[in-house]
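Peer 1: Predicted model and sequence follow; I will ask about them next.
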Amino acid sequence: MRIGVMGTGAMAEALGGAWVRAGHEVFVGGRDGAAARALAGRIGAAGHGTPAAAAGYGEVALLAVPAGVAPELAREHAGALAGRTVVDCANALDPGPGGVMLTTGPGESVAGLIAAAAPGARVVKAFNLAHASMWDRPADCFGEVPPAVPFCADDAEAAGHVGELITGMGWSPMPAGGLDRAAYVEATAAFVIGVWWAGGSPRLAFPEPPRAREGVA
């Protein structure tokens, strides 16, 4: 696939680099031209330029920018993003004395705000539950049971694009419903990150019941 990465930070580098290694053609777009050029060089991208150029580059666009910026960036490039799979990987979080909290309103999600800002885009929520360093890992490093990437999508073709990207990275796609359920995935990030920061292991909170392991409904 041809993928336009909008952003030059840690998630842009980790996901863009993983997709280059998986054989995809990646273009890096950033407001800072020097940063876009440097990132493209580090990951072996096919090219670099502006966010507008990345938005119109291929079948998929990754919004790898802070949650507070993502909807406005989508609105600015709504025309170029129309008809494309637009991946949102952001978390709208505010770490405070009481723990990590969401900064979106009740029932809102970053992905939903992006979809409202660019109504022609096929928005998918994904890649927000692991640290950027995890996406950098080789595809064969997880053993026989690859970890799952929950994602939310309303469009079947967009879901297929993201599923292919996940599988190529050595992870397992985990469909988590439509975009109306993205708020739950983002809230899960608040829980998971809060547990990490407290020194715990979130996966220990989700033991799989025997009936699920046996494949019994």
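Peer 2: Structure received.
Peer 1: can I assume Asp140 sits in a helix?
Peer 2: No: under DSSP: H, G, I helix; E, B strand; the rest coil, Asp140 falls outside any helix and is assigned coil.
Peer 1: any idea how far it is from Trp171?
Peer 2: Relative to Trp171, Asp140 is positioned 12 Å away (CB to CB, to the nearest Å). The C-beta positions use only the backbone N, C-alpha and C, and glycine is treated the same way.
Peer 1: how about the helices in the chain?
Peer 2: Per DSSP state H, the chain carries helices over the ranges 10-21, 33-43, 51-55, 70-76, 78-81, 110-117, 132-135, 156-168, 182-197, 210-213.
Peer 1: Redo these as JSON lines? Include mean pLDDT.
Peer 2: Conversion of those to JSON lines gives the following (pLDDT from 0 to 100):
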{"stretch": "helix 10-21", "mean pLDDT": "97"}
{"stretch": "helix 33-43", "mean pLDDT": "98"}
{"stretch": "helix 51-55", "mean pLDDT": "98"}
{"stretch": "helix 70-76", "mean pLDDT": "97"}
{"stretch": "helix 78-81", "mean pLDDT": "98"}
{"stretch": "helix 110-117", "mean pLDDT": "97"}
{"stretch": "helix 132-135", "mean pLDDT": "90"}
{"stretch": "helix 156-168", "mean pLDDT": "97"}
{"stretch": "helix 182-197", "mean pLDDT": "87"}
{"stretch": "helix 210-213", "mean pLDDT": "62"}
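Peer 1: tell me the centre residue of this protein?
Peer 2: By CA atoms, centre = their mean, the chain has its centre lying nearest to Cys89, at 2.8 Å.
Peer 1: Which residue lies closest in space to that residue, excluding its sequence neighbours?
Peer 2: Nearest residue to Cys89, sequence neighbours excluded (CB to CB, 6 or more residues apart in numbering): Phe127, at 4.0 Å.
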